[in-house]
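# no FASTA, just this:
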């Protein structure tokens, strides 16, 4: 017996993928330039530099984070997102497991939240205060 | 090739009719190669490796030499001589009980992998359409459960369909966007822009001193885990003795290229400070595209990454469960209920049981914050369990060279005992590092951590399969007759 033809499965999958791509491209919003966005970007850069961390350019920070942190500030104190944070800094794949997080990553995230989403800072600090940290990057 | 087929006998055989399965050789060597790449590699974590700049070459090449190479060449030799995949290799090399434990450990690992992979799918979808959903447990649970079951139902339609979908998804969701990232990175440098990450000899090595650096390096061995998973389908290839090794050689090269080059390209364009700040994979891709003023590509890339993740998941759905069926039926290690296959030859009841377990785990993960907070430890335990399979596979390869030296093999790996020993040592290192507490364990006692991981390892990796072995009944053997042309 031959395997059945699955043409309809392929068609459905192609249509769904194409529809999601089009819908995503249409609805995906970019961060808007504003005076507030520039002010926040300057504040971020100053705080990062003061902490001895590398900082992005003002233009990049404005485009990426806008005035409210954009998608990067979305509910950063949530338990579910913290759970996924465990994998983010390690490898991907079926046998992935969490690593020991670099303290600079945590410091940078705290500074970011203090500028763009101060309301979430306490929750994030609660999460990171229990973390064991260790250096994995060279100073650049 | 040695047959794993069995003849029908036993009372239970009368109750459950053997199902016809496809006899077509549906998997070409290229499809097998792409399926393997799909199961192992993706570009979804390239931004997190791009943080390490030029050192990401070391972080991927060292594990490729000490783990990818042994795993792939050993699997290529074994699959070119014996069908059925890891369960049969270990059965032949050590014994059927060890073969059952090998396939069980591979299967058990997937139970925690699917929820975490699908949580990534949910968060990526949310990033594209409505970022606030990413932290919504009900939304995450719904995406995991719906997507998982749809994928399971699709995979029940036959291994040919799974092979086509997973290999196509690799092209669409990994090869095309990976190539685009590399091309954009090259254009960036050719235009005279300075690389954001230092390109100098001193940047080649990562921070090695300290336990955190060691954990990062050794954990990267596991980036290449899964190269052997599709060997269970070799009977669906026209000439597996020649074609499977060819597929593995190409897959090896592709996997390394897919991991290294896009990560390098991102490190040239996006400063590590931005990668660190953005805090998420998709945000980092947004930063990359933003430099080229094509940030509208971000959602399209997001959908492509989701496609790749689902294609890879389908390869995993079809692999270990098939091996479990084959040895469960041949040796009578599984009750007849789990030996049932559908007209396409797919182990439907194993997949349903797996689906129920995954659904429960996923609901707890997504809806109960306390479970979310400790979920990482399950991934540590199941990875430790999975490493047992690699120990058994490498030992079997060495033993088979001695016990069955003249058994026909389409490919003989050079210096196999050395390769297998290197693989064993690498797996042992990864196993040992698995007992080093990661960040989330905080200041907890290391002894307690070892106890938790070790206890989980013993319960899931040893007690569970031994319980099934202990409970088995003689009537379970061949309770459901294997079709003559069973693809596995």
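Everything's here; your move. This one's a predicted model, so the numbers in the text were calculated from it and none came from an experiment.
# Give me the pLDDT value at residue A:87.
Looking at residue A:87, its pLDDT is 53.
# Equivalent analysis for residue A:139, please.
On the pLDDT scale, residue A:139 gets 58.
# and what of residue B:9?
Residue B:9 is assigned a predicted lDDT (pLDDT) of 40.
# One more: residue A:97?
So, for residue A:97, pLDDT stands at 79.
# for it, phi and psi?
Main-chain dihedrals, residue A:97, degrees, to the nearest 10: phi -150, psi 160.
# Just to check, it is in contact with residue B:434?
Yes: here residue A:97 reaches residue B:434: they are 7.1 Å apart, a contact under C-beta atoms under 8 Å. Where C-beta positions appear, they are placed from N, C-alpha and C, glycine not excepted.
# overlap in contacts of these two?
Each of B:380, B:383 lies in contact with both residue A:97 and residue B:434 under the rule C-beta atoms under 8 Å, 6 or more residues apart in numbering or on different chains.
# could you point out which element follows the least confident helix or strand in chain A by mean pLDDT?
Within chain A, confidence by mean pLDDT, DSSP states H and E is lowest for helix A:79-88 among all helices and strands, at a mean of 58. Next in sequence after helix A:79-88, counting helices and strands by DSSP states H and E, comes helix A:103-116.
# That following helix close to chain B?
Yes: counting by C-beta under 8 Å from any C-beta of the partner chain, chain B has neighbours in helix A:103-116: A:104, A:105, A:108, A:109, A:112.
# could you say what helices and strands that helix packs with?
helix A:35-50, helix A:121-129, helix B:272-278 (3 or more C-beta pairs under 8 Å, 6 or more residues apart in numbering or on different chains; DSSP states H and E).
# Let's see that with 10 Å instead.
With contacts defined as 3 or more C-beta pairs under 10 Å, 6 or more residues apart in numbering or on different chains; DSSP states H and E, helix A:103-116 has these neighbours: helix A:35-50, helix A:58-65, helix A:79-88, helix A:121-129, helix B:272-278.
# quick one, helices of the stretch 101-250 of chain B?
B:137-155, B:159-170, B:176-190, B:211-219, B:240-269 (DSSP state H, counting those that start in this stretch).
# which stretch in those helices is the model least sure about?
Across those, helix B:211-219 gives the lowest mean pLDDT, at a mean of 85.
# Okay, angle between that helix and helix A:103-116 too, please.
Here helix B:211-219 runs at an angle of 100 degrees relative to helix A:103-116 (axes from the mean of the first three to the mean of the last three C-alpha atoms, to 10 degrees).
# any weak-confidence spans in chain A?
Per-residue confidence for chain A (pLDDT under 70) gives these ranges: A:1-4, A:30-31, A:71-91, A:137-140.
# Now do the end-to-end distance for stretch A:59-70.
Terminal residues of stretch A:59-70 lie 15 Å apart, using C-alpha to C-alpha, to the nearest Å.
# buried residues in it?
A:60, A:61, A:62, A:63, A:64, A:65, A:66, A:67, A:69, A:70 (16 or more other C-beta atoms under 10 Å in any protein chain shown).
# Ok, stretch A:113-125 next?
A:113, A:114, A:115, A:116, A:117, A:120, A:121, A:123, A:124.
# quick one: which of the helices of the stretch 101-250 of chain B is nearest residue A:133?
helix B:211-219 (7.6 Å; C-beta to C-beta).
# so, in contact with chain A or not, the closest one?
Yes: counting by C-beta under 10 Å from any C-beta of the partner chain, chain A has neighbours in helix B:211-219: B:211, B:212, B:213, B:214, B:215, B:216, B:217, B:218, B:219.
# Among these, name the buried ones.
Neighbour counting with 16+ other C-beta under 10 Å marks B:212, B:213, B:214, B:215, B:216, B:217, B:218, B:219 as buried within these.
# on that earlier part again, keep only the buried residues of stretch A:59-70 that also lie close to chain B.
Of the residues in the buried residues of stretch A:59-70, proximity to chain B by C-beta under 10 Å from any C-beta holds for A:60, A:61, A:63, A:64, A:65, A:69, A:70.
# what's the most distant pair in those?
Greatest spatial distance among these (C-beta to C-beta): A:60 and A:69, at 13.9 Å.
# Quick one: list the elements packing against whichever helix in chain A runs longest.
Longest helix in chain A, counting residues (DSSP state H): helix A:7-27. Other elements packing on helix A:7-27 under the criterion 3+ C-beta pairs under 10 Å, 6+ apart are helix B:96-129, helix B:137-155, helix B:159-170, helix B:297-318.
# just the angle between that helix and helix B:96-129, please?
Using the same axes, to 10 degrees, the direction of helix A:7-27 lies 40 degrees away from that of helix B:96-129.
# buried sites along helix A:7-27?
So, applying 16+ other C-beta under 10 Å, buried residues of helix A:7-27: A:13, A:17, A:20, A:21, A:24.
# ok, now stretch B:40-48?
For stretch B:40-48, a neighbour-count test (16+ other C-beta under 10 Å) marks B:40, B:41, B:42, B:43, B:44, B:45, B:46, B:47, B:48 as buried.
# Report pLDDT for the first one.
I take that to be residue B:40. pLDDT, residue B:40: 94.
# check contacts around residue B:393.
Residues near residue B:393 by C-beta atoms under 10 Å, 6 or more residues apart in numbering or on different chains: B:70-71, B:74-75, B:78, B:85-86, B:89-90, B:93-94, B:102, B:106, B:228, B:420, B:423-424, B:427.
# Next, check these against the helices and list the overlap.
Using DSSP H, B:70-71, B:74-75, B:78, B:86, B:89-90, B:93, B:102, B:106, B:420, B:423-424, B:427 are the members of the contacts of residue B:393 that sit in helices.
# Pull the distance from stretch B:364-379 to the chain's centre.
Its chain's C-alpha centre and that of stretch B:364-379 lie 21 Å apart, by C-alpha atoms, centre = their mean, to the nearest Å.
# Next, work out how far apart residue A:32 and chain B are.
Using C-beta to the nearest C-beta, to the nearest Å, residue A:32 is found at 13 Å from chain B.
# Quick check, that residue in contact with residue A:66.
Yes: with contacts counted by C-beta atoms under 10 Å, residue A:32 reaches residue A:66, the gap being 5.9 Å.
# Quick check: residue B:111 touching residue B:365?
No: under the criterion of C-beta under 10 Å, residue B:111 makes no contact with residue B:365, lying 11.4 Å away.
# what touches both of the two?
Here residue B:111 and residue B:365 have residue B:378 as joint contacts, going by C-beta under 10 Å, 6+ apart.
# out of the two, which sits in the more crowded spot?
residue B:365 (24 against 18; other C-beta atoms under 10 Å in any protein chain shown).
# Checking my notes, the more buried one in a strand, right?
No: under DSSP: H, G, I helix; E, B strand; the rest coil, residue B:365 falls outside any strand and is assigned helix.
# Just the pLDDT at it, thanks.
The model reports residue B:365 with a pLDDT of 85.
# List the contacts of it.
Residue B:365 neighbours (C-beta under 10 Å, 6+ apart): A:80, A:83, B:112, B:115-116, B:118-119, B:137, B:140-141, B:144, B:371-372, B:374-375, B:378.
# and the residues you listed, which are buried?
A:80, A:83, B:112, B:115-116, B:118-119, B:137, B:140-141, B:144, B:371-372, B:375, B:378.
# Which single one of those is nearest to residue B:284?
Nearest to residue B:284 out of the buried ones among the contacts of residue B:365 is residue B:119 (C-beta to C-beta; 18.0 Å).
# shaky segments in chain B?
B:1-25, B:209, B:277-280, B:482-488.
# how about 50 then?
Residue ranges of chain B with pLDDT under 50: B:1-23, B:487-488.
# circling back: would you format the residues of helix A:103-116 next to chain B as JSON lines with neighbour count included?
JSON lines is the format used below for the residues of helix A:103-116 next to chain B (neighbours: other C-beta atoms under 10 Å in any protein chain shown):
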{"residue": "A:104", "neighbour count": "21"}
{"residue": "A:105", "neighbour count": "25"}
{"residue": "A:108", "neighbour count": "26"}
{"residue": "A:109", "neighbour count": "22"}
{"residue": "A:112", "neighbour count": "25"}
